[in-house]
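Engineer: sequence? don't have it. structure:
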């Protein structure tokens, strides 16, 4: 029997990156759930044949108050930012960028990429650190083979593996491949809430069936999580976790703040090409303009009260 405390979050299709937009499946945020731990945004895309979709071409754009996490299953993306970073995002390697007070960057799939497939995730920075300086980190976690599963822990600690990548709140991020018909039980931190994003296969989380592109949410208080692959082929999932993030945030376009005025100031700084975001070198095109603000005051949001 399934666990009634597992909440299933389904995705919606949205365009990414302006006029040359590719379509992604967005699971976070939702009306019913703004965050899982400090994870506040989850886009899931592909497998896309670049010859048909056009691939990824996201012009220079800004970020505040967050960290971006890029994780690929297939393909390659060229990353440039206003720190001067020029790096490649490859399958099985995490690129984490800290926006903090302000950063700008580009993401473009490389000419050799034929299939593009992965996730783009955001982490909300706590109020004490949301104006942190720009930063960029890269890590290629070694795979860990368990009975029936293979893990790559790109943030935090799982199954005895710890990522060296620095974050401002405790977090967990791991890709988990499940063999056909396999079941695996993982020890997890009971202070964490967790979200399991299914990429491929039919997976049960604590007995609750999840389809590809579903994200299953598990409340804090658990010491283990059991994942079962009920399909006859390998399943791929991404496990996210962290202690509940009790601050309310305002998330609009590429900015995270605490109130409407934070967003107004960030948007105005971007539109006037302020030094707050720096400049990205090497992109052959114009930067993305900020959309117009809504005709309403943006209000902070958090998660529903915990019971």
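Structural biologist: Sure thing, it's come through. Values in this document were obtained by computation on a predicted structure and should not be read as measured data. Numbers count the residues shown, from 1 in each chain.
Engineer: okay, now the unreliable bits of this protein?
Structural biologist: By pLDDT under 70, the low-scoring segments of the chain are 1-4, 16-21, 306-307.
Engineer: let's see that with 80 instead.
Structural biologist: For the chain, the stretches with pLDDT under 80 are 1-4, 15-23, 304-307.
Engineer: longest helix anywhere in it?
Structural biologist: Counting by DSSP state H, the longest helix found in the chain is helix 260-271.
Engineer: who are the packing partners of it?
Structural biologist: If contacts are counted by 3 or more Cβ pairs under 8 Å, 6 or more residues apart in numbering; DSSP states H and E, helix 260-271 sits against strand 250-252, strand 255-257. All C-beta spots, glycine's among them, are computed from the backbone N, C-alpha and C.
Engineer: buried residues of that helix, list them for me.
Structural biologist: In terms of neighbour count (16 or more other Cβ atoms under 10 Å), helix 260-271 has its buried residues at 260, 262-264, 266-267, 269-270.
Engineer: give me the contacts around it.
Structural biologist: For helix 260-271, the surrounding residues in contact (Cβ atoms under 8 Å, 6 or more residues apart in numbering) are 62, 64-65, 102, 104, 250, 252-253, 255, 257, 274, 276-277, 289-290, 293, 297-299.
Engineer: could the helices and strands packed on helix 260-271 be laid out in a markdown table, adding mean neighbour count?
Structural biologist: As requested, those are exported to a markdown table (neighbours: other Cβ atoms under 10 Å):
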| stretch | mean neighbour count |
| --- | --- |
| strand 250-252 | 20 |
| strand 255-257 | 23 |
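Engineer: closest one to residue 161 among those strands?
Structural biologist: For residue 161, the closest of the helices and strands packed on helix 260-271 is strand 255-257, at 28.9 Å, according to Cβ to Cβ.
Engineer: what is that closest one packed up against?
Structural biologist: Strand 255-257 sits against helix 260-271, with contacts defined as 3+ Cβ pairs under 8 Å, 6+ apart.
Engineer: can we see that at 10 Å?
Structural biologist: Secondary-structure packing of strand 255-257 (3 or more Cβ pairs under 10 Å, 6 or more residues apart in numbering; DSSP states H and E): strand 57-63, strand 115-124, strand 250-252, helix 260-271.
Engineer: and the ones you listed: which comes nearest residue 43?
Structural biologist: Ranking those by their distance to residue 43 (criterion: Cβ to Cβ) puts strand 115-124 first, at 4.4 Å.
Engineer: starting at the chain centroid, how far to the closest one?
Structural biologist: With Cα atoms, centre = their mean, to the nearest Å as the basis, strand 115-124 stands 5 Å off its chain's centre.
Engineer: what's near enough to touch residue 50?
Structural biologist: 22, 56, 75, 109-116 (Cβ atoms under 10 Å, 6 or more residues apart in numbering).
Engineer: go again with 8 Å.
Structural biologist: 75, 109, 113-116.
Engineer: which residues pair with the one residue sitting closest to the centre of the chain across the strands?
Structural biologist: Nearest to the mean C-alpha position of the chain, by Cα atoms, centre = their mean, lies residue 121 at 1.1 Å. With DSSP bridges applied, residue 121 shows beta-bridge pairing to residue 42, residue 69.
Engineer: my guess is it contacts residue 66. True?
Structural biologist: No: counting by Cβ atoms under 8 Å, residue 121 does not reach residue 66; the two are 10.0 Å apart.
Engineer: who touches both of the two?
Structural biologist: Residues touching both residue 121 and residue 66 (Cβ under 8 Å, 6+ apart): residue 41.
Engineer: check the offset of the longest helix of the chain from the chain's centre.
Structural biologist: 23 Å.
Engineer: try stretch 170-187
Structural biologist: On Cα atoms, centre = their mean, the centre of stretch 170-187 falls 17 Å from the chain's centre.
Engineer: buried residues in that stretch, which are they?
Structural biologist: 170-179, 182, 184, 186.
Engineer: wait, which of those residues is closest to residue 160?
Structural biologist: Proximity of the buried residues of stretch 170-187 to residue 160 (Cβ to Cβ) peaks at residue 186, which lies at 10.7 Å.
Engineer: re the thing from before, can you tell me which of the buried residues of helix 260-271 is nearest residue 33?
Structural biologist: Distances from residue 33 to the buried residues of helix 260-271, taken as Cβ to Cβ, are shortest for residue 263 (21.1 Å).
Engineer: and the closest one, how far is that from residue 8?
Structural biologist: 31 Å (Cβ to Cβ, to the nearest Å).
Engineer: same question, residue 298
Structural biologist: Separation of residue 298 from residue 8 (Cβ to Cβ): 28 Å.
Engineer: who has more neighbours, those two?
Structural biologist: Shown here are residue 298 and residue 8; by other Cβ atoms under 10 Å, residue 298 has more neighbours (18 against 13).
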